[in-house]
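Colleague: fold the stuff below for me.
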Amino acid sequence: MANKEKLNQKEKMDSVYRNTRHFYDVTRPIFLLGRDELLDSLHPKVDETICEVGCGTARNLIYLAKTYQNTKFIGMDASALMLEIASKKIKKEKLSDQIKLIHGLAGGHEFQEKIDRMIFSYSLSMMSKPREILENCLDQMPPGGTIHIIDFGDFKLWPKFFKSPTMKFLNLFEVFPKPDSVKEFETNKKYVLNYKPKLGGYSYMATLKLGGI
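Modeller: Numbers count the residues shown, from 1 in each chain. The predicted structure follows:
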């Protein structure tokens, strides 16, 4: 049953990107605001390993790999079609030795490498069980390991005539913003959450790690 669910999720992501993958990188900067701000805030140490969950076409990974040449990167995505494009772009930039790609789902994946940082860049809102996924990732990270998130928020300060059609538009692409699933970690002393709404709730940026470290 679990394997069938994973297969269905992968097939769903392929169906979402089957046509849009060809112009994804051109159109997404209009909507996915603040990605570079998150990437520029990482400042990884030498020999750290960073994994982006929902890496898509590897746009963020290539940006980071060019900036931090002594850092190893892993990109995970549920869509094999998106990873095909990512692989071609990585080879074109001659970054295959620095960036590894994984076709899989973060919820039940067991990473073979030590992951120091994880990035969810507008991908968590496309996952059905975001809290479980974040917990699974944190459980596999070393002491001090941090998850960095940017995603759509609750649009709290936006007028209803904007919020309603925007949500409907996002839903067409299997995007269902769930900022509360991240904010819930704030009430659990096991975790340390730094959550910042951006642009009146259009998006949010957050870091999450285990407490007491």
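
Colleague: in the strand or helix carrying residue 61, what counts as buried?
Modeller: Residue 61 is part of helix 59-67 when elements are defined by DSSP states H and E. The neighbour-count check on helix 59-67 (16 or more other CB atoms under 10 Å) flags 59, 60, 61, 62, 64, 65 as buried. Any C-beta I mention is one placed from the backbone N, CA and C, and that applies to glycine too.

Colleague: look up how far residue 195 lies from residue 86.
Modeller: From residue 86 across to residue 195, the span is 29 Å (CB to CB, to the nearest Å).

Colleague: of those two, who's got more company?
Modeller: Between residue 86 and residue 195, counted using other CB atoms under 10 Å, the more crowded position is residue 86 (23 against 16).

Colleague: low-scoring stretches of the protein, by residue?
Modeller: 1-30, 212-213 (pLDDT under 70).

Colleague: most distant residue from the centre of it?
Modeller: Distance from the centre of the chain peaks at residue 161, with 28.3 Å (CA atoms, centre = their mean).

Colleague: quick one: contacts for it?
Modeller: If you count contacts by CB atoms under 8 Å, 6 or more residues apart in numbering, residue 161 has none.

Colleague: now stretch 124-134, how far from the centre of its chain.
Modeller: Remark: stretch 124-134 is offset 10 Å from the chain centroid, using CA atoms, centre = their mean, to the nearest Å.

Colleague: buried ones in that stretch?
Modeller: Across stretch 124-134, burial judged by 16+ other CB under 10 Å covers 124, 125, 126, 127, 130, 133, 134.

Colleague: any chance of TSV for these, columns distance to residue 170?
Modeller: Output for the buried residues of stretch 124-134, formatted as TSV (distance: CB to CB, whole Å):
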residue	distance to residue 170
124	13
125	8
126	10
127	14
130	15
133	19
134	20
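
Colleague: farthest pair within those?
Modeller: With CB to CB as the measure, no two of the buried residues of stretch 124-134 lie farther apart than 126 and 134, at 13.9 Å.

Colleague: now the buried residues of stretch 124-134 as JSON lines including distance to residue 71 and secondary structure?
Modeller: Shown next, in JSON lines, are those (distance: CB to CB, whole Å; DSSP: H, G, I helix; E, B strand; the rest coil):
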{"residue": "124", "distance to residue 71": "22", "secondary structure": "helix"}
{"residue": "125", "distance to residue 71": "26", "secondary structure": "helix"}
{"residue": "126", "distance to residue 71": "26", "secondary structure": "helix"}
{"residue": "127", "distance to residue 71": "25", "secondary structure": "coil"}
{"residue": "130", "distance to residue 71": "26", "secondary structure": "helix"}
{"residue": "133", "distance to residue 71": "23", "secondary structure": "helix"}
{"residue": "134", "distance to residue 71": "22", "secondary structure": "helix"}
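
Colleague: quick one: residues contacting the residue lying closest to residue 141 once chain neighbours are set aside.
Modeller: Distances taken as CB to CB, 6 or more residues apart in numbering place residue 115 nearest to residue 141, at 5.6 Å, with adjacent residues excluded. Neighbour list for residue 115: 49, 50, 51, 74, 137, 140, 141, 142, 145 [criterion: CB under 8 Å, 6+ apart].
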